[in-house]
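**Q** Turn this into a structure:
(3 chains)
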Amino acid sequence: MKPYAGLRELTQGLRSKAFSTVELTQFYLDRIHRLNERLNCFITVDDEAALERAKLADQRLSQTDVPRLCGIPIAHKDLFCTKGLRTTCASRTLASFVAPYDATVVRQTSAAGANMLGKTNMDEFAMGSSNETSYFGPVSNPWDATRSPGGSSGGSAAAVAAGLVPFATGTDTGGSIRQPAGLCGVTGLKPTYGRVSRFGMIAFASSLDQGGPVAHSVEDAYELLRAMEGYDPADSTSANVEPTALPATHENLVIGYPEALFDGLDAEFSSAIDAARGRFEALGHSIKTIELPHVDAAIAAYYVLSGAEASTNLARYDGVRYGHRSGDQNDLADMYRSSRSEGFGLEVKRRILTGTYSLSVGYFDAYYLKAQKVRRLVRDGFLAAFADVDLILAPVAPTPAFELGSLKADPVQMYRQDIYTIPVSLAGLPGLSMPCGFVDGLPIGMQLIGKHFEEGKVLAAGMAYQQETNWHEQHPALGDESVA
Amino acid sequence: MALSQLSLDHHEKAKLSADLDSIISFIEAMNQVSTEDVEPLAHALDLTQTLRPDVAVGGIDRSAFQRIAPETSDGFYLVPKVLQQR
Amino acid sequence: MNSQWEPVIGIEVHVQLATQSKIFSNAPVEFGSEPNVNANLVDVAMPGALPVLNEDAVRMALKFGLAIEAEIAERCVFDRKNYFYPDLPKGYQISQFASPIVGRGELDVHLDDGSVQSIGITRAHLEEDAGKSIHDRFAQHTGIDLNRAGTPLLEIVTEPDMRSAAQAAACFRQLHGLVRWLQICDGNLAEGSMRCDANVSVRRSGESAFGERTEIKNINSFRFVERAVNYEIDRQIDVLESGGVVVRETRQYDADRDRTYSMRSKELSDDYRYFPDPDLLPLQLTADMLEAVKESMPELPREKLARYAQEHELPPATAVRLTRDFDLASIFDKTTDLGGDAQLVANWLLGDIAASLRREDKTYAELPLTAQQLADLVKRIHDGTLSSTLAKEVFEFAWSTEDSIDAIINERGLQQVSDQDELTALVQGIVDSHPAQVAQIHAGQTKVVGFLVGQVMKQSQGKADPKQVNALLRQMLNI
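**A** Residues are numbered from 1 along each chain as shown, chains lettered A, B, ... in the order given. Prediction:
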C-alpha cells in the first residue's frame, strides 16, 4: 500500500479486493501512530471504532449500492462535532467535550462511506495561522519539522501531506484551509460561503466560516467536496444551490492577474507563479491584468469582523452546560471568569477582547460598522473584477512555511500570513489552493479564485493544471517510505 | 474585560498591552479607505433567511446532554448560588 | 395623587407566541415539563448548533402588526444582545434591535369609564425568551432550566402616552385581549405567557419635558400593573418633593408588600453590544406570505364593534364588552347567526353565563353551552314558551347536558302553562281557597292581586305566565 495513493487508486484497490478496508485502515493507523508523535497532526485517533467501521465497510463493498467513498479513511478537523468522540476545538475549554451529535459534514461524509480515523489538530478555535495556538501543542510541517504547517487547519493539511490519511476536512475563515494547504504542499478548497453546512461546525466567525476539503489533488478535493456540500435546513446561511459540477468540456477562460498582489514576493516565489501563469496560457486560457483594491484595509476589516463575531460566539463557553469549569468558584462571577480565563489561550483571549471592544458603545461605528463597509467595498471590488474575468490567480501566502515560533511574538505579522486569502473570505468566494513549486525546498501554493458558486470552473482549471504538472505529487521525506 | 468575563494573568497582561499599539495601528488601516455612502455588509452573499415550518420534535435526551455538564441535579444545570435580587 | 404632578407611562409587553416549537429550534414549547426536557442542541447552545427561524412566529408577529395597522418591515434583521447570565445559554439573546418586524401603529384602548384612548405602539419585535433560574430549590446552587429558552416572544413597546396607572393597566388588558383575539398567545398570565414592564416618570403639570424614568419589570397581572405604577408614581413624587432626584433604574414589583424595589445586578451589563446575528440572514417578507397572513386575519374587535352597533343596534357599552374576548364575540356571532335576538343573547352572555363561568373558573372558550342551545333558549323566551324564571332553570340543565333546549323543556315539563282551560282552573282554585284576600281586593286593596299571582305561580311551579295569570285574576275579580 502506498501512503500517498489518490482516491481513484484506493477505490480501485478496495473494489478489486487488492486490499481490504481493514487492511487499508490499519495501514494508515499504523502510519499515524509512527508519525504523529513527531508531527502532532492528530488530537484524537479513534482506532477501535475505525477498525469496527472498516469491517462493516468490507461487508458493504461486497454488496450492491456501495457508497462512493466506502471504506476510504478520512480525518476531520477537530471542530466538527462527532457524536461519541471528543471534539476539542484544540482548546482546554473543550478538552474533554464529547458532542451528543454529528456535524452535518460528518454525517454526510459517513453516509458517503468515508471512515473517520480521528480528529486533527488546529489552532485553538481556528484562531491562528500557524497551529501554534493549539492547547494540544503545535503541529510540525512534514517538510521540515521545525516549521509551521500553517493554520488553522494545520493538522488536516499536515496529515494529508504526510500521508497519514488520504484526505481530510478543514475549515477556512480567513485562509485556514488555503494557507496550510499551501505551506504543506497539498490541495485545499474553501468553497463559496453557504455551500457547505456549518451545522455542527464549531463557530469562530459565523459570517466567514466555511468547511472544505484538503486532499492530494484537485480531483480528490472535488470528490470530498461532493460529500461535504449541500443545502442544510439546519443552517440558515446554507445556500440552496445545485451541487458542484465540473464543466462538461474544456473552456478557454480569462484568468485575472492582480499584479500588485505579487509585488511583495521574492524572486524564486514569483518565478514559480510566472511558470504557473505560463502553464495556464498553454492550456488555452488568457491572462488579464486586474486590480483588487483595499487589500490592507481588508485584513484590518477581517480582523475586526471576525473578532467581533468570535467574541460573542465564544460567550457560550461559560462552564455551565459543558466544557471546562474552574474549581476556583466562590460565586457566579468567579465561576465565569475563572472558567473562561483558564479555558482559553492567549490568542483566543486577545480576539475576544478586541472583538468585544469593537462592538462596544463608542467604538461600534469606527470599528465594526467601518469594517462592514470595507467588506462591501472589497466584495464589490471582486464582483467588478469578475465582470471581465472568469477566475483570478493569486498567491496563497506571502512566504513558504516559517519557523515555528518565529511569528508567535508578533500577532500583526501573523495576521499578515492571510493577506491573500482574507479578501476572498470577506467576499465569500471559492478559493482553491494548490501547490505550484518550491522555495528553499519548501512547497508553495497558488490560489485560483472563482465567482460565487462557480467551484466547478475553479476545480476544472485546477485539475487541468495538475494533469500537466506534478507539484502535487511531491511528498516530504519522512524517513518512512519503505512501508509496503 | 467585564463584558467578556475574562481575566488575564500578569504575563498575559504584559503581552497583550505590548501588542495593543501595533494591533490598533493595524486596524486603523481601514481608515485609508473612504467609506462614505457605503452600506455595511453583513454577509458576502445577498441571500435572505429561510424559514422553518412550525413543527415540534420532542424526545430530547436530557441525560445525553447532561452527561457532559459540569454539575447537574434533578435535571437542572447547577451554578453557584445567584443571590436573589431582593 | 398630587395634582401638581403628571405621570407619564409607557409599557413594554412580552407576549409568548403560541407556536408549537421554539423560535429558532424545533424543540417543543410546553409549560410545566420536567426541567430541561424541552431544550435541544440549539436551546442549550451546544457548540456548533445554529438557529433557524420559525415561520409561524413571523406570521404571528405580522398578524399583530396588521391588527394595529402598523408599518410592516419588508426586510428586517435579527441582532444579538450580549450579556452573561446562566439562564441565557449562548451568552446573547437573539432579538431585533435596529429593525423591528412591526413598526409604528395605534391601539384603541377602552377605559373603564367607557371612553376610548388611542395609544401609540412604537414597535413590536421578535425575540427569544431566556431559560429560568431556580433560586430556592438547592441550598448552595441556583438551578438552571432551559425549557423556556428559545420560546418565541413578541415584545410590544408603546409610546409614553398614558397618564395614569389605570390607563396603563387598561392598555395591558387591551393588548391581552387583542393577542388572544388574534390567537397568537394563550394569554395565560399565571404561566407567564404575557409579562408587562412599565416605564414610569412624573413631571410637573404643564411641563413638556419628561422626567427621569424608572422601569418596573415583569408584572404579570392587570391589577398589579395598576398597583405597581401607582406605587411608583407616589414614590417618585415623594422623592422629588423632598428635594431628591429620580434615578434611572430597573425596579421590581413585590405584590405581597405592594411596593417596588430597585434591582441592582452586576451580572446585567448596560452595554449589550447589539450587532446583526451572523448566523441568520435578513428576513425578507414575500408578498405571498403577507397576503396569506392578511387572509388569515379574523374580523378585528374594532370592526366587530362597528358592526354590532350597526347590525344589531347594541348599545356601545354592550358592544365593547362583547368584543373584549375573542371567544365571547365568536359565540355571540354564532348565536345571532342562528337567529337569537341580539340584545337577549348579549344579556345572557354578559349576565348569567358570565356569572356561571366565573363560578366555575372557566373562560368563554370552555363554555359548556353550545351556540345552538343558547339561540334556542333565547328563542323560547322570545316566543313566550319560557318565563325568565323557567329560562334560568332550563339554562341550568343546558349547562350540564348536550340535549336540545326543546328536549329539556319537554322532558322536564318546563314550558309555561299556555292551555287556557288549565290556567283558568288553576286561577279559580287559588281564588276559591283565598276568600280573605279576595275580600281585601274587593275592599279596594288591589295590591293584594300580586299575592294571588304569586300563589298561582307557586302552585304551577313557575310554569304559568305571570302576565296571563294577572289578567285572568283581574277578569275573574272584576277589577
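**Q** Other residues contacting the longest helix along chain C?
**A** In chain C, taking DSSP state H as the definition, the longest helix is helix C:222-241. Contacting residues not belonging to helix C:222-241 are listed as C:1-2, C:5, C:7, C:9, C:11, C:165-166, C:168-169, C:172-173, C:176, C:196, C:198, C:200-202, C:211, C:214, C:216, C:219, C:245-246, C:251, C:253, C:255, C:258-260 [Cβ atoms under 8 Å, 6 or more residues apart in numbering or on different chains]. Bear in mind the C-beta positions are built from the backbone N, C-alpha and C, glycine included.
**Q** Buried ones in that helix, by neighbour count?
**A** By neighbour count on 16 or more other Cβ atoms under 10 Å in any protein chain shown, the buried set for helix C:222-241 is C:222, C:224-237, C:240.
**Q** coming back round to it: return the subset of the contacts of helix C:222-241 lying in helices.
**A** Filtering the contacts of helix C:222-241 for helices - DSSP H - leaves C:165-166, C:168-169, C:172-173, C:176.
**Q** how close does the residue nearest to A:Glu259 when sequence neighbours are not counted sit to chain B?
**A** Spatial nearest neighbour of A:Glu259, excluding adjacent residues (Cβ to Cβ, 6 or more residues apart in numbering or on different chains): A:Thr289 at 5.1 Å. Plainly put, A:Thr289 is 22 Å away from chain B if you go by Cβ to the nearest Cβ, to the nearest Å.
**Q** likewise C:Leu390?
**A** Going from C:Leu390 to chain B by Cβ to the nearest Cβ gives 49 Å.
**Q** Could you identify the helix or strand that succeeds the host helix or strand of that residue?
**A** Using DSSP states H and E, C:Leu390 falls within helix C:388-400. Following helix C:388-400 in sequence order, the next helix or strand is helix C:405-412 (DSSP H and E).
**Q** Distance from that next one to the middle of the chain?
**A** Offset of helix C:405-412 from its chain centre (Cα atoms, centre = their mean, to the nearest Å): 35 Å.
**Q** In terms of secondary structure, what does the next helix or strand after it contact?
**A** Counting by DSSP H and E, the next helix or strand C-terminal to helix C:405-412 is helix C:420-433. When contacts are defined as 3 or more Cβ pairs under 8 Å, 6 or more residues apart in numbering or on different chains; DSSP states H and E, helix C:420-433 packs onto helix C:448-459, helix C:466-477.
**Q** ok, the residue nearest to B:Asp9 when sequence neighbours are not counted - contacts?
**A** Excluding the flanking residues, the one nearest B:Asp9 by Cβ to Cβ, 6+ apart is A:Ser341, at 7.9 Å. A:Ser341 is in contact with A:326, A:349, B:6-9, counting by Cβ under 8 Å, 6+ apart.
**Q** Give me the distance between A:Ser341 and chain C.
**A** A:Ser341 is 14 Å from chain C, by Cβ to the nearest Cβ.
**Q** so that residue, which of the three states?
**A** Recorded secondary structure, A:Ser341: helix (DSSP: H, G, I helix; E, B strand; the rest coil).
**Q** now swap in A:Tyr322 and tell me
**A** Of the three states, A:Tyr322 takes coil under three-state DSSP.
**Q** Off-centre distance for stretch A:167-181?
**A** 1 Å.
**Q** Briefly note if that stretch comes near chain B.
**A** No - using Cβ under 8 Å from any Cβ of the partner chain, stretch A:167-181 stays clear of chain B, with a minimum separation of 12.5 Å.
**Q** Below-threshold pLDDT in chain B: ranges please.
**A** Counting by pLDDT under 70, the ranges of chain B that qualify are B:84-86.
**Q** ok so, going back, output the helix holding C:Leu390 as PDB - backbone C-alpha positions only.
**A** What follows is helix C:388-400, C-alpha atoms only, in PDB (Å, rounded to 0.1, in the frame of the first residue of the first chain):
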ATOM      1  CA  SER C 388     -87.500  34.300  32.800                       C
ATOM      2  CA  THR C 389     -87.700  32.000  35.900                       C
ATOM      3  CA  LEU C 390     -88.200  29.000  33.700                       C
ATOM      4  CA  ALA C 391     -85.400  30.100  31.300                       C
ATOM      5  CA  LYS C 392     -82.900  30.100  34.200                       C
ATOM      6  CA  GLU C 393     -84.000  26.600  35.100                       C
ATOM      7  CA  VAL C 394     -83.600  25.400  31.500                       C
ATOM      8  CA  PHE C 395     -80.300  27.200  31.300                       C
ATOM      9  CA  GLU C 396     -79.000  25.200  34.400                       C
ATOM     10  CA  PHE C 397     -80.000  22.000  32.700                       C
ATOM     11  CA  ALA C 398     -78.500  23.000  29.400                       C
ATOM     12  CA  TRP C 399     -75.200  23.800  31.200                       C
ATOM     13  CA  SER C 400     -74.700  20.200  32.100                       C
END
